[in-house]
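> mind looking at a prediction? Sequence and model below.
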Amino acid sequence: MTSKLSSDPMGRIDMFWWAFGIRGGFAVLFAGMLAFSGNLLGSFLFDPVMLVLLSILLGFYVFANAVLLGVSAGFAWQHRFGLGWLLAGESCFAFLLGAYISFSLLITSRSFALLAGLHAVSTGCFQIVLALKLHRYKPFGRLLSISALIAVSVGAAFLMHQAEPPRLISFWLSGFELIYGVVVIAFAWALHREAQQAQPEAL
């Protein structure tokens, strides 16, 4: 897959492959931890206790994403790429959402579904913006569009079905994060290949 991303400043997103790779790895790891917490722990813990554990886990994951996005934004500004403000905006939103989730222990199944939905929808919306910025590079835009569509769809489902039990919410959130992580890792791998192909041309 060759799109000549390095031909313009916006196209230097191939240098961000590591950020997307780490983010996808976090998502897969979080999916596994969420499945374990929701299914195994949920079998012998009361719902209120499990909700606190799930909210702390979700808050930590969102906050870790915020830190990674902040680092990526700084990297973009340092190299004068066109992604700095987008990454910084997503980082700020994720930081506020993660902080609220982590420190709000008075949580119910409805509020957990609401927060999970906001997380998924915001992730999808920011990826839609990134996909639009990469509209000239169709293979990469398609991958981002797939993950954005999944995120918005799952987020909307959470927002419309807030009365579901916590274990079911954690199950669907785990499945979403697993699929999302795999797609983002595939996107990172495609960017990494593009960066490797661009190196001989730059010499």
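Cool, got the structure. Just so we're clear, the structure is a prediction, and the values are computed from it rather than from any experiment.

> could you give the number of residues near Phe140?
23 (other C-beta atoms under 10 Å). For glycine as for every other residue, the C-beta is placed from the backbone atoms N, C-alpha and C.

> Gly21 now?
Neighbour count of Gly21, defined by other C-beta under 10 Å: 18.

> go ahead and confirm it touches Val182.
No - Gly21 lies out of contact with Val182 (C-beta atoms under 8 Å); the separation is 11.8 Å.

> residues in contact with the residue nearest the centre of the chain?
Central residue check for the chain by C-alpha atoms, centre = their mean: the C-alpha nearest the mean position is that of Thr123, 5.5 Å away. Thr123 makes contacts with 148, 151, 155, 180, as judged by C-beta atoms under 8 Å, 6 or more residues apart in numbering.

> ok, the second one to Asn65 distance?
In this structure, Ala151 and Asn65 are 12 Å apart, going by C-beta to C-beta, to the nearest Å.

> stretch 102-118: how far from the chain's middle?
Its chain's average C-alpha position is 18 Å from that of stretch 102-118, according to C-alpha atoms, centre = their mean, to the nearest Å.

> my error: substitute stretch 120-138 in the last question.
12 Å.

> for stretch 95-112, same thing?
Worked out by C-alpha atoms, centre = their mean, stretch 95-112 lies 17 Å from the chain centre.

> secondary structure class of the spatially closest residue to Ala195 that is not a sequence neighbour, three-state.
Counting by C-beta to C-beta, 6 or more residues apart in numbering, Ala195 lies nearest to Asp14, which is 4.2 Å off, once chain neighbours are set aside. Of the three states, Asp14 takes helix under DSSP: H, G, I helix; E, B strand; the rest coil.

> could you check how far Asp14 is from Phe81?
For Asp14, the distance to Phe81 - C-beta to C-beta - is 11 Å.

> for Phe112, same thing?
36 Å.

> comparing these two, which residue is more hemmed in?
Ranked by neighbour count (other C-beta under 10 Å), Phe112 and Phe81 place Phe112 first, with 24 against 19.

> who are the contact partners of that one?
51, 54-55, 58, 166, 169.

> count of residues packed around Val49?
As a measure of burial, Val49 has 12 neighbours, counting by other C-beta under 10 Å.

> how about the host helix or strand of it: buried residues?
Using DSSP states H and E, the element containing Val49 is helix 47-78. Neighbour counts using 16 or more other C-beta atoms under 10 Å place 50-59, 61-66, 68-70, 72-73, 75-76 of helix 47-78 among the buried residues.

> one more: stretch 129-140?
So, applying 16+ other C-beta under 10 Å, buried residues of stretch 129-140: 130-131, 133-134, 137, 140.

> against Ala131, how distant is the closest residue in space to His135 that isn't next to it in sequence?
Distances taken as C-beta to C-beta, 6+ apart place Gly141 nearest to His135, at 5.7 Å, with adjacent residues excluded. According to C-beta to C-beta, Gly141 stands 5 Å off from Ala131.

> brilliant, that's me finished.
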